[in-house]
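*Asks:* got a predicted model here, sequence first, then my questions.
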Amino acid sequence: MAHHIANEIPPRLLMWQRVRAYAVPPSMIETATVRRAVGDWAGACAAARIDVDLDLRAVRDRHGTELVSRLRADLRRLAPDLLRWHLPRIAPDGLLRPGLTISLARYRSSGGTPLHLVVRTPPARADAGQRMSLALWAGLGNGAPGHHAHPHPHPDRRFRLDLHRHLWDAGRSGELARRCGADGTPSTPPLVPGPPALPDRPAVLDSPWAVGRWAAEAEVLLRAEGRPRGAFTVRLGPRSRAVLELVAPDESHAPTCRPLREALPPQEIAALPVLPEAAARLLPDLELLRAGLVAAERLHPLVAAALAASGPAVSGSASAYVPASPAGPAPGPGDPHRVPCQGEIHRIALRDGVLTAVDHDPAQVRREELLVALGGPALPCLRAIDAVHRSPAALPAVRERLGHGDVAGALAVVEGLLGPRAVLRDGPLREELESAADRRIDHGLFRSGLVAVHPAADATAGGNTSGEGHAEAGHRPRLDRRTPPAVRRKRSSRARPRTGLTR
């Protein structure tokens, strides 16, 4: 029996397909592009939901005019919507990888530590809205005194974009096809032996690893580290790393990489340069195009323009950018629902901003609603309207948009279904919207620094969620929505200590 075609699509590609549909909406791309075109880099960051945590005047006073000029030039070239498009994400929902500090550019300063223009993703407990922050890291703790405490303020070695400016610099986005191998540039894959050098050989030689680009990208990495040749590592999994060596016969030959001949101790392996994740893996957009899971015109316009000349699969993608229409049904007066009711087919459509049973008299509808309030049976039309208010068919699309922070897009889908004057009723739809609003409060508390530590650490230590006051011995913190589930279960249990007997 033939397998269904959906079973042949890897789950990661299905995740990236949803990410490309919801994570960076066309309205964000259009607004950020317009503001960037007029030189308003701060407005472009605001449109892409990026908070700016740097002050150019303070940078000039501390580090001089030359450095702030270079920094301002990079900020004007920054395409924040393109940056959000290429940031690393996690399965299964495709949300931004939490708690990262990613270096975008590196600047030499008078001190010993170079400055980094970094973008930070919030921790998982405060990832509502999928907002990010832009800051300047000077090597002194968080780099943003007086602001929130980030769990990992140091730039990450694995997730870095200072060597991949084409993933955020609008002026260099055309390098994407060459850097991701979509232009057909020949590259020599490394010699991949069996265990123990590369324990997962089939996974390395297969997608999503860009093995053919490792040598060229390793040359860029080692040059940035001040090493013309040498060893580097590629992270293949949580407990698996490949230790490779960049070699080249002479200057006229393309560089190649091969597994390191002698085994190194773990301390030396940890100190080796790490090939960035953007260089180690294939570009998700290229995989989606080759698998036919996304149309070229649905890509980011800068990505589509860079991949336009790379092959037949993406030819003509830069000619026109057609924004994707909002997912989910949006019925209007000309496209009503049809429901069997009282032996006839009745229509349900938007009238005066609300979803209405068109074929019923308003007085009859009011009488039937009163009858339902008193416990009587409801007409099929009213049952259908109630079901759409509580759990519409477009609920997955609303949930995806809320998860990626596109509140405006989610509300547009809801208004298209129920009308702008609709009153939400108890059900999954209202719960999703209320949950999204509550989680935005957590993000605001994190940004303001009111929650300096993780609630689990403070709750288990016997303090309150604010981390201040009530730290005396014997105080039991109040249970709220920020209390971890494990602590809540333990606190609400009626079992006696030590004996485990119930009262």
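*Replies:* Thanks, I have the structure now.

*Asks:* residue 234 and residue 273 touch, don't they?
*Replies:* No. Using Cβ atoms under 8 Å as the test, residue 234 is too far from residue 273 to be in contact (10.4 Å). Where you see a C-beta, it was placed from the backbone N, CA and C, and this is true even at glycine.

*Asks:* quick one, which of the two is more surrounded?
*Replies:* Between residue 234 and residue 273, counted using other Cβ atoms under 10 Å, residue 234 has the larger neighbour count: 26 against 17.

*Asks:* that one belongs to a strand?
*Replies:* Yes. The assignment for residue 234 is a strand, going by DSSP: H, G, I helix; E, B strand; the rest coil.

*Asks:* so, low pLDDT: which residues of the stretch 401-503 of the chain?
*Replies:* 451-482, 484-503 (pLDDT under 70).

*Asks:* so what does the spatially most central residue of the chain look like in phi/psi?
*Replies:* Taking Cα atoms, centre = their mean, the centroid of the chain lies closest to residue 96, which sits 2.8 Å from it. The phi/psi pair for residue 96 (degrees, to the nearest 10) reads phi -60, psi 140.

*Asks:* quick one: it and residue 128 touch, right?
*Replies:* No. Contact criterion Cβ under 8 Å: residue 96 and residue 128 do not qualify, at 11.5 Å.

*Asks:* what's in contact with the longest helix anywhere in the chain?
*Replies:* Ranked by number of residues, the top helix in the chain under DSSP state H is helix 428-448. The contact list for helix 428-448, computed with Cβ atoms under 8 Å, 6 or more residues apart in numbering, reads 51, 122-123, 125-129, 131, 147-148, 389-392, 395, 398-399, 402, 407, 410, 414, 424, 451, 481-482.

*Asks:* among those residues, name the buried ones.
*Replies:* Burial by neighbour count, 16 or more other Cβ atoms under 10 Å: within the contacts of helix 428-448 this picks out 51, 122-123, 125-129, 131, 148, 389-392, 395, 398-399, 402, 407, 410, 414, 451, 482.

*Asks:* among these, which are in helices?
*Replies:* Mapping the buried ones among the contacts of helix 428-448 onto helices (DSSP H) picks out 389, 390, 395, 398, 399, 402, 407, 410, 414.

*Asks:* which intervals of this protein have sub-threshold pLDDT?
*Replies:* Across the chain, the ranges flagged by pLDDT under 70 are 1-7, 111, 140-148, 183-207, 248-253, 309-336, 451-482, 484-503.

*Asks:* buried ones in stretch 275-292?
*Replies:* 275-289, 291.

*Asks:* cool, and stretch 412-419?
*Replies:* Buried residues in stretch 412-419 (16+ other Cβ under 10 Å): 412, 413, 414, 416, 417, 418, 419.

*Asks:* any idea how far residue 405 is from residue 301?
*Replies:* 21 Å (Cβ to Cβ, to the nearest Å).

*Asks:* can you give me the strands for the stretch 251-400 of the chain?
*Replies:* If you assign secondary structure with DSSP state E, counting those that start in this stretch, the strands in the stretch 251-400 of the chain sit at 256-259, 337-341, 344-351, 354-357.

*Asks:* tell me which of these lies nearest to residue 365.
*Replies:* Of all the strands of the stretch 251-400 of the chain, strand 354-357 sits nearest to residue 365, with 5.9 Å by Cβ to Cβ.

*Asks:* return the distance of the closest one from the chain's centre.
*Replies:* Offset of strand 354-357 from its chain centre (Cα atoms, centre = their mean, to the nearest Å): 36 Å.

*Asks:* outside of it, which residues touch it?
*Replies:* Residues outside strand 354-357 that contact it (Cβ under 8 Å, 6+ apart): 341, 346-350, 365, 379, 381-382, 385, 388-389, 417-419, 421-422.

*Asks:* one more time with 7 Å
*Replies:* Identification of contacts with strand 354-357 by Cβ atoms under 7 Å, 6 or more residues apart in numbering yields 346, 348, 349, 365, 381, 382, 385, 388, 418, 419, 421, 422.

*Asks:* how many residues are close by the nearest residue to the second one once chain neighbours are set aside?
*Replies:* Just to be clear, that refers to residue 348. Closest residue to residue 348 apart from its sequence neighbours, by Cβ to Cβ, 6 or more residues apart in numbering: residue 337 at 4.1 Å. Neighbours of residue 337 under the rule other Cβ under 10 Å: 17.

*Asks:* so what's residue 422 up against?
*Replies:* So residue 422 contacts 354, 355, 389 (Cβ under 7 Å, 6+ apart).
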